[in-house]
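> I need the structure of the sequence given here:
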Amino acid sequence: LLTWAVVATSIATLAYWVVVAGASLEVAVLFSVAVLAVSCPCPLGIAVPLVVWVASQKASKLGLLVKRGDAFERILGVNVAVLDKTGTLTVGQPSVQVVEVLDGLGAREVLGYVCSAESRSEHPLARAIVKYCEDLNVEALEVHDYVHLPGLGVLAKVGGVEVAVGSTRLMEELGVELSSEVLAKVGRWASKGYTVVLAAVDRTPRAIIGIRDSLRPEAGSLVSFLRSLGVRTVLATGDSWPAARAVAEELGIDEVYAEMRPEDKAELVEELTRRGYKVMFIGDGVNDAPAMGRAFLGVAMGRGADISKEAGDVVALAGIGALRSFFRLAKVARRKALENLAWAFIYNIALVPVAAGALYGTLGLMLRPELAAVAMVLSDISVVLNSLTLARWRP
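Below is the predicted model:
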């Protein structure tokens, strides 16, 4: 559109000087070509992309991989941040703290079933259980018919028996009967901030495993920063309600959703979007990828699952703390882009009339085509230099 506007202006200039002003064709052509040279839309064309490129390079030094150019603009429009818990707000290195074996089987036998079933999972909780067994030298058994149930747990055939390891919701869906005593124990450990994993062998509960993960040091400051910007914070996790509430209360998160499957997280994002919110989803696991794909802006943790990094618009290689700098960098990048656009427009508004001969009749001044081309190059250089000043920005 800009190109056609420039061409139309050049033709109109030529027609004016030949038809209206009665100037020679040579003079009219000089004015027409000068308009073409001075109004070249190059500065407008590079004003924003160049800022985005420099900002992306700057973001990489801050530990952020920006995968889409409009991420800098999108993050400034976010008004709801939905955060995963395990591996996002926590360090992602949980450890088994409690193993309570229920009646029926010995501790090592139960752990042998549990750790064998979890050995194929990439979930941080599964890795914590497997490491616990390795430290105790628990022998692994042969695994068949392994099924990973995102947001619930795993189901497998181990040593000829069915083993289910996961949340109370998984046990309920499998028809595993949980006595009031077992549920009371689960509630007690969950209220203390533990992530509670149940293990069932042949549809009979055999063990309660308490896992704890430390919060990231920067988690609290990020939540406080988001709230200071007026961004509503939401915790969405597959963990139990007591564990989720404990984390939310410690960090000051506004709203909590627990025991969520991947599709539940995606539906939550869609529901918030339908209500007019611009949602940023921050997560790290396979079960977070669908929600990231539906969010206004998806942020994946650098140490998370590959599929989440593929779905994310931004990958936080240095952790969630870098997002504070990303917000600030985005503000500076937008200001630089607006400065570039303003300069390019002011330049054209000021010099196009001169190139068209506005001062020729009164002062005899003519901006020749070669000088107009030099002026256009200088405008490009000014845009480039202003964009490069972004590289000197410090968070």
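> what comes up buried for the strand or helix carrying E249?
Using DSSP states H and E, E249 sits within helix 241-251. Across helix 241-251, burial judged by 16 or more other C-beta atoms under 10 Å covers P242, A243, A244, R245, A246, V247, A248, L251. Where you see a C-beta, it was placed from the backbone N, CA and C, and this is true even at glycine.
> neighbouring strands for the helix or strand following that helix, and are they parallel or not?
Downstream of helix 241-251, the first helix or strand assigned by DSSP H and E is strand 255-257. Strand pairing for strand 255-257, using DSSP bridges, gives strand 232-236 (parallel).
> so what are the domain limits for this protein?
As recorded under automatic domain parsing, the domains making up the chain are 2-47+334-392, 64-91+215-317, 95-212.
> How far does the longest one sit from its chain's centre?
When you say that, I think you mean domain 64-91+215-317. 8 Å (C-alpha atoms, centre = their mean, to the nearest Å).
> And for the shortest one?
Average the C-alpha atoms of domain 2-47+334-392, do the same for its chain, and the two points are 40 Å apart (C-alpha atoms, centre = their mean).
> same thing with the last one?
With C-alpha atoms, centre = their mean as the basis, domain 95-212 stands 32 Å off its chain's centre.
> First-to-last residue distance for it?
Length of domain 95-212, first residue to last, C-alpha to C-alpha, to the nearest Å: 6 Å.
> same question, the second one
For domain 64-91+215-317, the first-to-last residue distance is 6 Å (C-alpha to C-alpha).
> sorry, back to before: closest to E134 among the buried residues of helix 241-251?
Taking C-beta to C-beta as the measure, E134 lies nearest A243 of the buried residues of helix 241-251, at 24.7 Å.
> how close does the closest one get to S167?
10 Å (C-beta to C-beta, to the nearest Å).
> Quick check: neighbours shared by those two?
V196 (C-beta atoms under 8 Å, 6 or more residues apart in numbering).
> Give me the contacts around the one helix or strand L268 maps to.
Following DSSP H and E, one finds L268 within helix 262-274. The contact list for helix 262-274 (C-beta under 8 Å, 6+ apart) reads 80, 82, 84, 150-151, 234, 236, 257, 260, 279, 281, 283, 286-291, 293-296.
> how about it: buried residues?
Neighbour-count burial for helix 262-274 flags P262, D264, K265, A266, L268, V269, L272 (criterion: 16+ other C-beta under 10 Å).
> For it, what does the pLDDT average out to?
Mean per-residue pLDDT for helix 262-274: 96.
> need the strands for the stretch 151-300 of the chain, in chain order.
Here the stretch 151-300 of the chain has its strands, by DSSP state E, counting those that start in this stretch, at 153-158, 161-166, 195-201, 204-212, 232-236, 255-257, 279-283, 297-301.
> which one of the ones you listed has the most crowded surroundings?
strand 279-283 (a mean of 29; mean count of other C-beta atoms under 10 Å).
> For that strand, name the packing helices and strands.
Packing partners of strand 279-283 (3 or more C-beta pairs under 8 Å, 6 or more residues apart in numbering; DSSP states H and E): strand 80-83, helix 262-274, helix 289-294, strand 297-301.
> ok, and what's touching it?
Outside strand 279-283, the residues that touch it by C-beta under 8 Å, 6+ apart are 75, 78, 80-84, 87-88, 231, 265, 269, 272-273, 288-289, 291-292, 294-301, 304, 308, 316, 320, 323.
> Buried ones only from the residues you listed, please, as a PyMOL command.
The PyMOL selection below is limited to those of the contacts of strand 279-283 classed as buried (16+ other C-beta under 10 Å):
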select buried, resi 75+78+80+81+82+83+84+87+88+231+265+269+272+288+289+291+292+294+295+296+297+298+299+300+301+304+308+316+320+323
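> just to revisit the earlier point, which among the helices and strands packed on strand 279-283 is found nearest to S56?
Taking C-beta to C-beta, strand 297-301 is the member of the helices and strands packed on strand 279-283 nearest to S56, at 14.9 Å.
> For the helix or strand just after that closest one, C-alpha coordinates in PDB please.
Once the chain leaves strand 297-301, the next helix or strand it forms, by DSSP H and E, is helix 306-311. Output of helix 306-311 as PDB, limited to C-alpha atoms (Å, rounded to 0.1, in the frame of the first residue of the first chain):
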ATOM      1  CA  ASP A 306      10.400 -31.000  24.400                       C
ATOM      2  CA  ILE A 307       6.700 -30.900  23.400                       C
ATOM      3  CA  SER A 308       6.100 -28.000  25.800                       C
ATOM      4  CA  LYS A 309       9.100 -26.100  24.400                       C
ATOM      5  CA  GLU A 310       7.700 -26.600  20.900                       C
ATOM      6  CA  ALA A 311       4.300 -25.300  22.000                       C
END
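> Mind checking the pLDDT average for the next helix or strand along the chain from helix 306-311?
Next in sequence after helix 306-311, counting helices and strands by DSSP H and E, comes strand 314-316. Rounded to a whole number, the mean pLDDT of strand 314-316 is 94.
> In the stretch 101-250 of the chain, mark out all the helices, start to finish.
Ranges of helices in the stretch 101-250 of the chain, per DSSP state H, counting those that start in this stretch, are 107-118, 124-135, 168-174, 180-191, 219-228, 241-251.
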